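A.B. asks: next input, structure requested:
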Amino acid sequence: MSDSDAVRHLVEQIERNLAIAARIPEAGPWRDSLDRLQAWQRDRLDATYADLRAQDRFRAACEFFLDDLYGGRDVHARDRQLKRVVPIMRRFLPAHLLFAIGEAMHLQAISLEFDFRMAGELVDVDEITQPEYARAYRREGDWEGREEQLRLIRELGDLLVETVRKRMVHRLIRMMRVPAELAGVGMLQDFLQRGLDAFAYMDGDPEFLSTIETREAEALERLQQGEDWPFEPWIGRWPDQG
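C.D. replies: Numbering: from 1, shown residues only. Below you'll find the model as predicted:
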């Protein structure tokens, strides 16, 4: 992939994320529903992957993948920083890393768009349970989008593994910390460094990505089959333990 193609992809995905952010109201029932859903989703991911998070070699990857990109954390300030420095990044970063950042933004955008639509389905639900979530999910019915999420998780993970093997690139990101903070884009540099550090620490271990891919694919199949407790194999009937 050429530098221009990688940059174009990155810019498109940044704009996509910022466009979603612009649609989110600051207050009101719909915003409350989105906040509840994203908090529930983060808690659900914590419970589903508690075994990975408990392992030292996977903890940082959990925080990066499950919290930053997949779990609905508010990262719009970082995205605005990213948009400002794309021309500088193009001068210093190789095309494969620019593309990887674009794919990270792509995964984040799909997750945010899905949460945006699901919030509308759950606006009258004060306390989300697995059955409430499952029924809303089936009403939304974006099965292809969910499959694309899972594909991106695997492909982005593979891209990060490839990048951390290029030691000069990883070292360059570390060296950017102080200049980035001085330039007001420290959140972006921190995001890049945490992602690369997490995958470097795993040293290419495939268990992290394969576990996420397998569990989320099985949960998707259970949802498609009409199960009201799609995450039961890993978390029981959380949060309803009664």
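A.B. asks: surely Leu196 meets Val164?
C.D. replies: Yes: with contact defined as Cβ atoms under 8 Å, Leu196 counts as touching Val164 (5.4 Å). Backbone N, C-alpha and C define where each C-beta goes, glycine included.
A.B. asks: stretch 21-28: end-to-end distance?
C.D. replies: One end of stretch 21-28 to the other measures 15 Å (Cα to Cα, to the nearest Å).
A.B. asks: not counting its own residues, what contacts stretch 144-154?
C.D. replies: Here stretch 144-154 makes contact (Cβ atoms under 8 Å, 6 or more residues apart in numbering) with 65, 70, 103, 106-107, 110-111, 113-114, 209, 212-213, 216-217, 220.
A.B. asks: residues contacting Phe231?
C.D. replies: Phe231 is in contact with 44, 47-48, 130, 219, 238, counting by Cβ under 8 Å, 6+ apart.
A.B. asks: isn't Ile14 right up against Leu98?
C.D. replies: No: the criterion here is Cβ under 8 Å, and Ile14 misses it with Leu98 at 11.5 Å.
A.B. asks: ok, so what distance separates the closest residue to Leu34 other than its chain neighbours from Pro87?
C.D. replies: For Leu34, ignoring the flanking residues on the chain, the nearest one in space by Cβ to Cβ, 6 or more residues apart in numbering is Ala119 at 3.9 Å. Using Cβ to Cβ, to the nearest Å, Ala119 is found at 34 Å from Pro87.
A.B. asks: compare neighbour counts for those two and give me the winner.
C.D. replies: Neighbour count, other Cβ atoms under 10 Å: between Ala119 and Pro87, Ala119 has more, with 23 against 8.
A.B. asks: what's the helix or strand for that one?
C.D. replies: Element membership of Ala119, judged by DSSP states H and E, is helix 95-121.
A.B. asks: with Ser33 instead?
C.D. replies: Counting by DSSP H and E, Ser33 is found in helix 29-48.
A.B. asks: residues touching Gly157, list them.
C.D. replies: 65, 199, 208-209.
A.B. asks: correction: Arg53
C.D. replies: By Cβ under 8 Å, 6+ apart, Arg53 lies in contact with 46, 59, 62.
A.B. asks: same thing but at 10 Å, please
C.D. replies: 45-47, 59-63, 66 (Cβ atoms under 10 Å, 6 or more residues apart in numbering).
A.B. asks: go on, Ala61?
C.D. replies: Counted by Cβ under 10 Å, 6+ apart, Ala61 has contacts 49, 52-53, 55, 157, 160, 194-195, 197-199, 201-202, 205, 208-209, 212.
A.B. asks: in space, what's closest to it - neighbours in sequence excluded?
C.D. replies: Nearest non-adjacent residue to Ala61 (Cβ to Cβ, 6+ apart): Ala198, at 4.2 Å.
A.B. asks: with Leu107 instead?
C.D. replies: Per Cβ to Cβ, 6+ apart, closest to Leu107 is Leu152, 4.4 Å.
A.B. asks: any idea how far that neighbour is from Leu18?
C.D. replies: Noted for Leu152: a distance of 19 Å to Leu18, by Cβ to Cβ.
A.B. asks: more neighbours, those two?
C.D. replies: Applying other Cβ under 10 Å to Leu152 and Leu18 shows that Leu152 carries more neighbours, namely 20 against 16.
A.B. asks: and the angle for the helix or strand that contains the more buried one with helix 95-121?
C.D. replies: Taking DSSP H and E as the definition, Leu152 sits inside helix 143-164. Angle of helix 143-164 versus helix 95-121, following axes from the mean of the first three to the mean of the last three Cα atoms, to 10 degrees, is 150 degrees.
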